[in-house]
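> Provided below are the primary sequence and the corresponding predicted coordinates.
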Amino acid sequence: MGAIREIMVRFGPSYLQRFGDRMPDSHRRALFDIVSCRTEAMGGHMRECEGCGDLEFVPHSCRDRMCPQCHRADIDDWIAARASEILPARYFHLTFTLRPSFRWPVREHQKELENALIRSAAEAVQTLARDRLRGRLGFMAAIHTWGRPLNWHPHVHVLVPAIVVDDNGGFRRVRAKRSLLPLKPLSRVFAGIFVREFRKALPGETPPPRQPGDWVVNSRLCGEGPGRVLAYHGRYAKRAPLADSAIVSVADDEIVFRYKDHRTGDTRPCHVSPHEFIRRFLQHTPPPGFHRLRYYGFLAPGGRATLRALLAALLDQTVTLADLIAGLREPSLTRPPARCRVCGGGQFRIFGFLPCTGRPAVRGPP
């Protein structure tokens, strides 16, 4: 049993008893799924080894986006699928952050304002690209709501190659070294667009007064290469807020987990009560149907023809696609094949499916 699942099983019933009537359905569902993942409550199937005939019951995963036991394979598959879209160019990582006065409204209206936040960051990037670079960019954007100690900290990560496409379909490299776009103008444009989107999303609400430092945009050159960049973005966009490996200890009155302080680089312990840990973890459950990872410009689904043209021209001049994909094949990104627990064979016959019977491991108010 994973450490986070153990916490949910052990303290989930009392958390539901105390806060269940105030929990959003999405939070309750996430709690149920984490507790039931890879148990009979989620259903499963029987498989027979074709080599030795051993029969084994395989419980199904919950597939919930908040489950730390799921999605390792999804991250690997996503990275492999994106390998053919890596451009042999410099990549920049932009981060758009909301500071305190706007964080709580986003927490209270997650679906509306998280959508507004990621759209605002994307529009700000393209607006500055048209103004300063005389073209448009292609990029991936992922929204994150958590800081390292699981606090509420909404921000958007943008991963963008230094390639500009003009209105006539031509393209060129951008010879930027530190930042692809000027950060102060980008911050001001981002602020104006988000306030406009805030009013559009919540017509009856008044945006908080803007304070100095409310809008922070950072940029860095991704000098680690395309494979590392893609792996980093995949983990950011598709993983749960915290991994089981971060849990240090679990006691009746305290949970300790470790996190890396981004200001100092030091690893620090965070001490919280069990209920506070569950609250911090579940508050980052995405709204139903919400997509945390999105594509814009020539990386958007409608721009794939432009992407293929860029790849054909750039790869012909610099590096082969096989070289790029080979750079992604690291041991940490390789999914081990299923093996028989008795003979070690890898061929199975699947039969005897057991349907999901509900999530009885955590019970609370209906």
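Received, thanks. Numbers count the residues shown, from 1 in each chain.

> what about the helices in the stretch 201-350 of the chain?
Listed in chain order, the helices of the stretch 201-350 of the chain (DSSP state H, counting those that start in this stretch) span residues 226-238, 274-282, 304-317, 321-326.

> From the rest of the structure, what touches the third one?
So that's helix 304-317. 84-85, 87-89, 138, 163, 165, 169, 171, 298-299, 321 (CB atoms under 8 Å, 6 or more residues apart in numbering). Yep, even glycine has a C-beta here, placed from its N, CA and C like the rest.

> Farthest-apart pair in those residues, please.
Comparing all pairs in these by CB to CB, the longest separation belongs to 169 and 321, at 21.6 Å.

> And the two? Which one has more around it.
Looking at residue 169 and residue 321 with other CB atoms under 10 Å, you find the greater number of neighbours at residue 321, namely 14 against 10.

> Quick one, grab the pLDDT at that one.
pLDDT, residue 321: 39.

> same deal with residue 268?
94.

> and it, what does it touch?
When the contact criterion is CB under 8 Å, 6+ apart, the partners of residue 268 are 258, 259, 260, 261.

> Bridging across strands, which residues link to it?
Listed by DSSP bridges, the beta-bridge partners for residue 268 are residue 259.

> Can you tell me how far it is from residue 187?
With distances defined as CB to CB, to the nearest Å, the gap from residue 268 to residue 187 amounts to 29 Å.

> Any chance of the contacts of residue 268 in JSON lines with pLDDT as columns?
Formatted as JSON lines, the contacts of residue 268 follow (pLDDT from 0 to 100):
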{"residue": "258", "pLDDT": "96"}
{"residue": "259", "pLDDT": "93"}
{"residue": "260", "pLDDT": "90"}
{"residue": "261", "pLDDT": "86"}
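
> Run a quick neighbour tally on the nearest residue to residue 3 once chain neighbours are set aside.
The shortest distance from residue 3 to any non-neighbouring residue, by CB to CB, 6 or more residues apart in numbering, is to residue 247 (3.7 Å). Summarising burial for residue 247: neighbours were counted as other CB under 10 Å, giving 19.

> Let me know the pLDDT of residue 247.
What the model reports as pLDDT for residue 247 is 96.

> just residue 209 next, same as before
For residue 209, the model assigns a pLDDT of 84.

> before we move on, what about residue 352?
At residue 352, the pLDDT value in this model is 78.

> And for residue 53?
Each residue has a pLDDT score; the one for residue 53 is 92.

> quick one: the strands in the protein?
Remark: strands of the chain, listed N- to C-terminal, are 44-49, 55-59, 91-98, 139-146, 152-161, 163-165, 171-173, 215-221, 247-250, 255-260, 267-272, 293-296, 348-354; assignment by DSSP state E.

> Could I get the ones you listed in a markdown table, plus columns for distance to residue 9?
Listed next are the strands of the chain as a markdown table, based on distance: least, CB to CB, whole Å:
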| stretch | distance to residue 9 |
| --- | --- |
| strand 44-49 | 18 |
| strand 55-59 | 15 |
| strand 91-98 | 34 |
| strand 139-146 | 22 |
| strand 152-161 | 25 |
| strand 163-165 | 48 |
| strand 171-173 | 53 |
| strand 215-221 | 39 |
| strand 247-250 | 11 |
| strand 255-260 | 13 |
| strand 267-272 | 18 |
| strand 293-296 | 30 |
| strand 348-354 | 21 |
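
> Good, we can wrap up now.
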